[in-house]
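>>> structure for this input, please:
(one chain, ligands or ions: 1)
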Amino acid sequence: MPAIAELFETMDYGPAPEAADPALAWLDARGRKTELYINGQWVAPQSGQWLETSNPATNQPLAQVAAAGPADVDAAVAAARAAFPAWSSLPGQTRARYLYAIARHIQKHSRLLAVLESLDNGKPIRETRDLDIPLVARHFYYHAGWAQLMEREFPDQQALGVVGQIIPWNFPLLMLAWKIAPALAMGNTVVLKPAKFTALSALAFAEILDEIGLPPGVVNIVTGDASQVGETLVNHPDVDKIAFTGSTDVGRSLRRATAGSGKRLSLELGGKSPFVVFDDADLDSVVEGVVDAIWFNQGQVCCAGSRLLVQENIAETLYAKLRVRMEKLRVGDSLDKAVDIGAIVGPSQLATITRLVEQGVAEGATLWQPTWACPTEGCYFPPTLFTNVAPATTIAQTEIFGPVMVAMTFRTPSEAVALANNTRYGLAASVWSDNLNLALDIARRIKAGTVWVNSTNLFDAAAGFGGYRESGFGREGGREGLYEYLRPVWETGIRHQASGVRGPGSGVSDDAVAGERPAADSDGVAAADGADQSAPPTGRSDKHKAATVHSNGSSNGHTATVNTQHSTLNTQHVAVDRTPKMYIGGKQARPDSGYSRPVHDPAGRLLGEVGEGNRKDIRNAVEAARRAEGWANTTGHARAQILYYIAENLTAREDEFAARIVAQMGGDPADAAAEVATAVSRLFTYAAWADKFDGQVHHTPLRSVTVAMPEAVGVIGIACPTAYPLLGCVSLVAPAIAMGNTVVAIPSEVHPLSATDLYQVFDTSDLPGGVVNLVTGGREPLVRVLADHDDVDAVWYCGSAAGSQIVEHASAGNMKRTWVDYGHPRAWRDPMQGEGPEFLREATQVKNIWVPYGE
Ligand code: NDP
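Numbering: from 1, shown residues only. Have a look, this model is predicted:
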């Protein structure tokens, strides 16, 4: 024992161990072997297999955890399905009482939960005790409130059904709470798969559910391996939604696996979050911020500030201060209350971190680590700082998921933003400056779901959390997070025909079907998977057999010559009134292929021709849309003015547009007039919304103003519905541009002339070039190019079930958001289905900016 005088001299900490007893006693009481929690019962896995879980701080085994197989997952899903009707129809207040009870019992068992979590994961007890477990309880309290308020606040929404939830190992119980609390509050039932490294706290949680008497089957916890449990859950036909947190690679595979199934999906994925320091920031606070950003939870945090972007003139000063602080950090056993950094979760993760750090050195970056050594028993890695990092290197771009900071410098605010956004991710960011105007401007310009000003890693149930770009989609927490577990009441529970799962749009009511134009949608175009976009179009049906027309490079196509090889129509006997071009970057554009496609009236007579768009045209249109992204920075007021103007100009030509609809589709002129009138009204609606779809200020318990801002998603590709050639296009394009997005739209494939007529209206309404681009042609090949395109941020698709599958599958490339109808058309004239906040939510993503206050 050192003398007290000596301790004053060295200011060394002694060990301050938290007793492991409660957790070890809990494990011993179960014979160190855990079972599955299905339908309110503890059951052995049908496979008879168990996996070992160990303490990464010592590498000593802790327990055997049941390794479920597909049959166990089936049983869990069946239990959740059976529990759903009763649970979802309980009064909100009754569900609220269950959630309050869960929260209270979490507080009651907080010591057990904190110790168990630290033992199983390796994270310091200070973090589990002071952050993870209190936030878990807070999540259940907060969402109990939403259960209470659901009927009043979400009268037009209903629960989704059975939700499969897959969580990672970095915050095992907290991620469980983020998933389960909103799902239960909104009336869903759950099957949850914990990560195999860290299943124990989820099982202790299941005991709490028993304790409070949660009805059997409402929550089922199925432990085991990803290939057995995770994949079965993801592919299960009776699961309505998958909510996932984990790596971007697995998220991408889940997007592909669920494509076309009708399952809803929310993905909270990886990040490489920037930590931006301006030269007027308080550097001592910055140093503590960096400690919290990258050494909290050993850097195994999806939103870890892992890229230090520092203004050049203060870089060396900051690095020097950081090295001093790093030298004082303490790495050690998770149950020691005096350690700053615990153990890495397991040997495989430790090996990944080691490999990436070696790669950083090989890439030429300068490595710095403290002089002291980590404990040799267990999985430890020292805090690490890389300087002289080139922005394109692996360590600057790859999520290391360990205690490793990579530093780069910038000179100007714009350079800082460019560097911050130079990543495929967009989960979080931290901005440090004493100039609040500058910090908020940078926060606005960084593409990330959460931005902390002069702070980092702040979380609360009231503030939504989730990513932009390849960090995933969907939000957890806040009002915005609840929509991940809801769907409109007009979607009934009719099963999706193709896959046997429930899906959005799958339950169109009889009224709704009656509201569609039957002829128009029954000729829904079959998906042309793998079609060669550059080839001339081939016939689709007898009625609409494509007469391929080469525009011959003529200025307006009026002198088209028929390629008789592909033609079944003699255009010489039919009046071809005009060939509208496509509309790209505010200009009329001739199709790259030089080909046109015919447009027929219901009697099969040629009405006109439109350009046969191809991959190149889509690329040009996406480029134009990207160039026009300044549209997002115009005020809502200005966007509203332009939408009003478009509405007025359309009103002035109502008769002409109605006549065009009748010419293309036949039918009752009164119906066509009603379609035009509804389109005008819809434009007025979104003009009205343009400056009113506001964000919120969340009441987080921390001393902070947390501003939730809906922002434009970016470039949205839209495949318009076949029916309602004008209204369908307007109903989708108007909300998108009202919220500041730019659009590449594929008009109705069969009746495109109403959309191409629209660009004359745009031209006379001051709509900036490139905000709306129209590419005519075959819907399926064109939308596929959009879904594949890495510079498109979202795709909305109205069409066939097969086309929906293609769009969702292809969108996994850059994890773009998708909104598809699985072949079930909306009743576009019905305002419940055809307009409203649902469209605005799809057109926006919420960014939460945290601004702490107080000295
Ligand atoms: P994964 O993404 O592989 O695992 C997360 C969860 O998904 C676990 O429950 C895992 O199960 C499950 N899972 C894995 N593959 C599938 C699948 N095909 N179908 C269904 N479920 C699946 O993360 P890892 O644990 O492998 O970590 C690898 C890397 O991922 C880390 O180095 C880090 O970069 C990143 N990561 C990011 C996280 C985040 O919060 N953004 C969290 C965790 C990791 P099982 O545990 O049985 O493998």
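
>>> give the helix, strand or coil label for the closest residue to residue 432 other than its chain neighbours.
Excluding its sequence neighbours, the residue lying closest to residue 432 (C-beta to C-beta, 6 or more residues apart in numbering) is residue 281, at 3.9 Å. C-beta: built from backbone N, CA, C; applies to glycine. At residue 281 the chain is in coil, as set by DSSP: H, G, I helix; E, B strand; the rest coil.

>>> just checking, which helix or strand of the chain averages the lowest pLDDT?
Using mean pLDDT, DSSP states H and E, strand 561-562 stands out as the lowest-scoring helix or strand of the chain, at a mean of 30.

>>> host element of the closest residue to the ligand within the stretch 401-550 of the chain?
Residue nearest to the ligand within the stretch 401-550 of the chain: residue 401 (3.6 Å; C-beta to the nearest ligand atom). Residue 401 is located outside every helix and strand, with elements delineated by DSSP states H and E.

>>> need the contact list for it.
By C-beta atoms under 8 Å, 6 or more residues apart in numbering, the contact list for residue 401 reads 170, 270, 299, 300, 304, 349, 352, 353.

>>> near the ligand, which of the residues you listed show up?
Under the cut-off given by C-beta under 6 Å from any ligand atom, the ligand has 170, 270, 349, 352 from the contacts of residue 401 close to it.

>>> who touches the first one in this structure?
The reference is to residue 170. Residue 170 touches 121, 297, 300, 301, 302, 345, 401, counting by C-beta under 8 Å, 6+ apart.

>>> most neighbours out of those residues, which is it?
Within those, most neighbours by other C-beta atoms under 10 Å means residue 121, with 34 neighbours.

>>> ok, and the closest non-adjacent residue to that residue?
Closest to residue 121 by C-beta to C-beta, 6+ apart is residue 198, at 5.0 Å.

>>> for the contacts of residue 170, which one is nearest residue 367?
When the contacts of residue 170 are compared for distance to residue 367 (C-beta to C-beta), residue 401 wins out at 17.7 Å.

>>> confidence score at that closest one?
With respect to pLDDT, residue 401 scores 98.

>>> just the one 3 residues further on next, same as before
What the model reports for residue 404 is a pLDDT of 98.

>>> okay, and the beta partners of it?
Beta-bridge partners recorded for residue 404 (DSSP bridges): residue 384.

>>> in contact with it, which residues are there?
294, 299, 306, 353, 356, 357, 360, 381, 384, 386, 395.

>>> report the secondary structure state of the third one.
Secondary structure, three-state DSSP: residue 306 is strand.

>>> next one: the fifth one
Reducing the assignment at residue 356 to three states with three-state DSSP gives helix.

>>> give the burial count for the residue nearest to it when sequence neighbours are not counted, as a bare number.
Nearest residue to residue 356, sequence neighbours excluded (C-beta to C-beta, 6+ apart): residue 400, at 4.9 Å. Per other C-beta under 10 Å, the neighbour tally for residue 400 reads 26.

>>> residue 400 against residue 301, yeah?
No - Residue 400 is beyond contact range of residue 301, at 11.3 Å (criterion: C-beta atoms under 8 Å).

>>> would you mark the buried spots in stretch 371-385?
374, 378, 379, 380, 381, 382, 383, 384, 385 (16 or more other C-beta atoms under 10 Å).

>>> so it, near the ligand or not?
No - Stretch 371-385 stays clear of the ligand (C-beta under 6 Å from any ligand atom), getting no nearer than 12.5 Å.

>>> using PDB, write out every CA atom in that stretch.
Extracted C-alpha coordinates of stretch 371-385, given in PDB (Å, rounded to 0.1, in the frame of the first residue of the first chain):
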ATOM      1  CA  THR A 371       3.500   5.200 -23.100                       C
ATOM      2  CA  TRP A 372       1.700   2.800 -20.700                       C
ATOM      3  CA  ALA A 373       0.700  -0.700 -21.600                       C
ATOM      4  CA  CYS A 374      -2.700  -2.300 -21.500                       C
ATOM      5  CA  PRO A 375      -3.500  -5.300 -19.300                       C
ATOM      6  CA  THR A 376      -2.300  -8.400 -21.000                       C
ATOM      7  CA  GLU A 377      -5.200 -10.600 -19.900                       C
ATOM      8  CA  GLY A 378      -8.400  -9.900 -21.800                       C
ATOM      9  CA  CYS A 379      -9.300  -7.900 -24.900                       C
ATOM     10  CA  TYR A 380      -7.700  -4.400 -24.600                       C
ATOM     11  CA  PHE A 381      -6.600  -1.800 -27.100                       C
ATOM     12  CA  PRO A 382      -5.000   1.500 -26.100                       C
ATOM     13  CA  PRO A 383      -6.400   4.900 -27.100                       C
ATOM     14  CA  THR A 384      -4.900   5.800 -30.400                       C
ATOM     15  CA  LEU A 385      -4.500   9.000 -32.300                       C
END
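
>>> show me the contact partners of that stretch.
Where contact means C-beta under 8 Å, 6+ apart, the residues beyond stretch 371-385 that reach it are 55-59, 122, 294-295, 298, 308, 319, 322-323, 326-327, 329, 331-333, 341, 343-347, 349-350, 353-354, 357, 367-370, 402-405, 407.
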